[in-house]
Every structure is written in C-alpha cells, then in structure tokens.
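>>> when you get a sec, could you give me coordinates for this:
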Amino acid sequence: PYFAARIYGELLRRQGKDAEAYDYLKQLHHDLPDDPYAQKPIILDRIRELEEELKIPVWQRFQPQTASNTKPVEASLEQKVRMLEQTHDHDHAH
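Reported below is the predicted structural model:
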C-alpha cells in the first residue's frame with residue numbers, strides 16, 4: 001500500500017500538477033508510520049524537490065514531525081502573561 005501512495009504522488013508530478021503533488025506528499029508523509037517500508041525519507045526527498053521547483057520560501061517549507069524530533073510547543077505571549085499573572089495573583093497586604 002505504501003508503494004501505491006508514492007506512485008500517486010509521482011503521477012501528479014508527471015501530469016504537471018506539482019502544487020497538488022506537494023500537498024499530497026506532505027499529507028502522506030504526515031500520515032505514514034515510522035516504518036522502514038513506508039520509505040518516509042524518499043517522500044521527504046520528493047517534497048524537497050517540489051519545494052525547489054515551486055520556489056517555496058525556506059520559512060514556509062515542510063517541517064516533518066516524527067516521534068524522535070517533536071519539540072514541546074512554546075506558550076504564546078498571551079499564555080505567558082496569564083501564567084505570570086496567576087503566580088502573582090495574591091494579596092500583598094498580609
């Protein structure tokens with residue numbers, strides 16, 4: 001089944017549907033398990049090729065998420081302010 005999914009992405013590219021292939025391969029990479037047979041590195045290579053062809057700016061390029069490189073999401077400024085307010089939300093007039 002992994003092979004068929006990769007072939008579909010390649011068929012889109014051959015039909016000149018690079019943007020569609022790019023979106024499809026990004027979703028495929030996200031959905032596939034971290035299984036050697038899934039060949040996620042090959043899909044990532046194809047994604048990178050399409051990013052070059054589509055001239056996608058570096059800051060908008062696909063960032064793969066795997067179990068080994070997931071980073072904790074940093075709190076937003078608003079969340080940080082709320083947390084700070086909660087820690088200082090006590091009566092100073094004891």
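
>>> where does the protein have low pLDDT?
For the chain, applying pLDDT under 70 flags the ranges 66-76, 79-81, 83-94.

>>> I'd like to know how many residues surround Gln60.
The number of residues packed near Gln60 is 8, by other C-beta atoms under 10 Å. No exception for glycine: its C-beta is placed from N, CA and C like everyone else's.

>>> dump the helix or strand harbouring Ala5 to CSV, keeping only the CA atoms.
Applying DSSP states H and E as the criterion places Ala5 in helix 2-14. Output of helix 2-14 as CSV, limited to C-alpha atoms (Å, rounded to 0.1, in the frame of the first residue of the first chain):
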residue,chain,number,x,y,z
TYR,A,2,2.9,2.4,0.7
PHE,A,3,4.2,1.9,-2.9
ALA,A,4,0.8,2.8,-4.4
ALA,A,5,0.6,6.0,-2.4
ARG,A,6,4.1,7.1,-3.5
ILE,A,7,3.2,6.3,-7.2
TYR,A,8,0.1,8.6,-6.9
GLY,A,9,2.3,11.5,-5.9
GLU,A,10,4.7,10.7,-8.9
LEU,A,11,1.7,10.6,-11.3
LEU,A,12,0.6,14.0,-10.2
ARG,A,13,4.1,15.4,-10.8
ARG,A,14,4.2,13.8,-14.3
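
>>> how about that helix, which residues are buried there?
Tyr2, Ala5, Arg6, Gly9, Leu12, Arg13 (16 or more other C-beta atoms under 10 Å).

>>> this completes my enquiry, with thanks.
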